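# I'll drop the sequence and a predicted model, then ask my questions.
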Amino acid sequence: MTPQDLFRLHSVFGALTAAETPELLKRALTKRVAAGEVVFHKDDPGDGLYGVLAGSILIVVESLEGKELILNMHGPGEFFGEVALLDGEGRSAAAVAREASQLFFLGRAEFLAFLRQRPDAMIRIIAFLCARLRRATNLVEDSTFLNVPSRLAKLLIALLDGNRPRDATDAAATLRIS
């Protein structure tokens with residue numbers, strides 16, 4: 001996977017124009033990490049965003065007793081650290097290479113410099129983030145006010161609508177998911 005492929009897959013970066021993407025990619029680095037290597041620790045400064053080009057990364061937290069909890073695993077085509085990219089706060093968990101991996105890294109300072117020069121890109125990214133927040137608000141509302149069968153029905157309808165071709169006029173739809 002190339003950094004360009006990775007950008008095309010990410011919804012925030014998908015909001016960039018064809019001219020903006022190469023400009024931002026110029027500011028990024030690639031890094032190789034060995035299996036078991038720590039990419040960052042919990043509470044490390046939020047210095048940027050990572051994307052997985054090859055390999056896999058575990059996002060983990062540890063209890064005071066030393067128990068480890070795996071929160072997520074990211075493979076090729078996935079990003080992690082978006083919040084730190086935007087707010088610069090400390091990391092909320094650690095990231096550890098599950099296997100030898102090649103990572104894409106976009107530093108926060110480089111990203112902010114890019115946005116300062118392109119306010120239209122910033123507006124599109126803000127719109128995307130607002131849509132995500134609205135979706136989260138709707139999920140909380142649904143989990144509070146709808147019973148499980150109603151929530152499931154609503155989710156299935158949303159999945160069908162998202163997978164239906166824009167020009168589809170037939171009433172029948174097929175959803176293929178594992």
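That came through fine.

# centre-most residue in this structure?
In the chain, the C-alpha nearest the mean C-alpha coordinate belongs to F79, at 4.7 Å (Cα atoms, centre = their mean).

# rounded mean pLDDT for the top helix by length along the chain, please.
If you go by DSSP state H, the chain has its longest helix at helix 119-145. Confidence over helix 119-145 (mean pLDDT, whole number) is 85.

# show me what it is packed against.
Contacts defined by 3 or more Cβ pairs under 8 Å, 6 or more residues apart in numbering; DSSP states H and E place helix 119-145 against helix 108-117, helix 148-163. C-betas here are computed from N, CA, C, even on glycine.

# give me the contact list for the longest one.
To tie it back to what came earlier, the one meant is helix 148-163. For helix 148-163, contacts defined as Cβ atoms under 8 Å, 6 or more residues apart in numbering pick out D142, S143, L146, A173, L175, I177.

# give the buried residues for stretch 67-87.
If you call a residue buried by 16 or more other Cβ atoms under 10 Å, then stretch 67-87 has these buried ones: H74, P76, E78, F79, F80, G81, A84, L85, L86.

# restrict it to CA atoms and write it as PDB.
Coordinates of the C-alpha atoms in stretch 67-87 are reproduced here as PDB (Å, rounded to 0.1, in the frame of the first residue of the first chain):
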ATOM      1  CA  LYS A  67      -3.000  -6.000  33.000                       C
ATOM      2  CA  GLU A  68      -3.000  -5.100  29.300                       C
ATOM      3  CA  LEU A  69      -6.200  -4.400  27.400                       C
ATOM      4  CA  ILE A  70      -6.100  -4.300  23.600                       C
ATOM      5  CA  LEU A  71      -8.500  -1.600  22.500                       C
ATOM      6  CA  ASN A  72      -8.000  -1.900  18.800                       C
ATOM      7  CA  MET A  73      -5.800  -3.400  16.000                       C
ATOM      8  CA  HIS A  74      -5.000  -1.400  12.900                       C
ATOM      9  CA  GLY A  75      -3.900  -3.100   9.700                       C
ATOM     10  CA  PRO A  76      -3.000  -1.800   6.200                       C
ATOM     11  CA  GLY A  77      -5.200   1.100   5.100                       C
ATOM     12  CA  GLU A  78      -6.100   2.200   8.600                       C
ATOM     13  CA  PHE A  79      -5.100   5.400  10.500                       C
ATOM     14  CA  PHE A  80      -4.600   5.900  14.200                       C
ATOM     15  CA  GLY A  81      -4.000   9.100  16.300                       C
ATOM     16  CA  GLU A  82      -6.400  11.400  14.500                       C
ATOM     17  CA  VAL A  83      -7.500  13.100  17.700                       C
ATOM     18  CA  ALA A  84      -3.900  13.900  18.700                       C
ATOM     19  CA  LEU A  85      -3.300  15.300  15.200                       C
ATOM     20  CA  LEU A  86      -6.100  17.800  15.800                       C
ATOM     21  CA  ASP A  87      -5.800  18.700  19.500                       C
END
